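In: sequence first, predicted coordinates after that:
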Amino acid sequence: MKNPAEEIVTAWLQECKGFFTMNNIKVPKEKGGMGSEIDILATNGKKNIWVEVSVSTNPRQRYLKNVRFVSTINYFLADFQRKDKYSKVSEIFHPKKYEKWLVYGKLALTHEEKTEFPKTMTQKGVAAIYFGDIFNDLLQLKYYRLDSARGYMNLFKTFGNCNYA
């Protein structure tokens, strides 16, 4: 099944940022079979990026208050630290010649922690981009080359302020 958040991020990368993208790159298990997948790899000829998309509209807190922030950071870093994913990305992009980006949604953190989250992720080598900012960038476009982007944005423009029972 298609992930709408990943499709919107792909549309943003292509339409707003001028990247060519590959989506849902399968990462085989060491002993055969399919393991995990990389959400998006993108290039514009000058810059290569590995993008993981983790967008929640209703996040749940999985951690105790005293470890919540650090555990949340570690949770999001885990995808980028997987050996199998790193190897697959390195096959496509020269090792260490790419950036790592995390697109995230709502977080079950305090206001202060939410402010600190992107800074801490950047310090850990991963650019953190809020999904709402991506969405707003796409809303500014007048024309879309991609049918999926046009379809999503038209739906949101039409029904975004809908009140439903």
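Out: That came through fine.

In: V27 is in contact with E37, correct?
Out: Yes: with contacts counted by CB atoms under 8 Å, E37 reaches V27, the gap being 6.0 Å. Every C-beta, even on glycine, is put in place using the N, C-alpha and C of the backbone.

In: can you pull up the most central residue in the protein?
Out: Relative to the mean C-alpha position of the chain, the nearest C-alpha, by CA atoms, centre = their mean, is the one of V53, at 2.4 Å.

In: that one: what's it in contact with?
Out: With contact set as CB atoms under 8 Å, 6 or more residues apart in numbering, V53 has these partners: 3, 5-6, 9, 39-40, 102-103, 131.

In: by neighbour count, which of those residues wins?
Out: Comparing those on neighbour count, V9 comes out first with 27 neighbours (neighbours: other CB atoms under 10 Å).

In: that one in helix, strand or coil?
Out: Under DSSP: H, G, I helix; E, B strand; the rest coil, the three-state class of V9 is helix.

In: what residues does it make contact with?
Out: If a contact means CB under 8 Å, 6+ apart, then V9 has 39-40, 51, 53, 103, 131, 134 as its contacts.

In: out of those, who's nearest N23?
Out: Each of those was scored against N23 by CB to CB, and I40 proved nearest at 5.5 Å.

In: dihedrals phi and psi, the closest one?
Out: phi -150, psi 140 (degrees, to the nearest 10).

In: let's verify the nearest residue to it once chain neighbours are set aside: helix, strand, or coil?
Out: Nearest in space to I40, with sequence neighbours left out and distances taken as CB to CB, 6 or more residues apart in numbering, is V51 at 4.0 Å. Classification of V51 into helix, strand or coil gives strand, according to three-state DSSP.

In: state the pLDDT value of I8.
Out: The per-residue pLDDT reported for I8 equals 89.

In: the strand or helix carrying V103: partners in the sheet, and parallel or antiparallel?
Out: Assigning secondary structure by DSSP states H and E places V103 in strand 99-104. Strand 99-104 has the following sheet partners, assigned by DSSP bridges: strand 48-54 (parallel), strand 127-130 (parallel).
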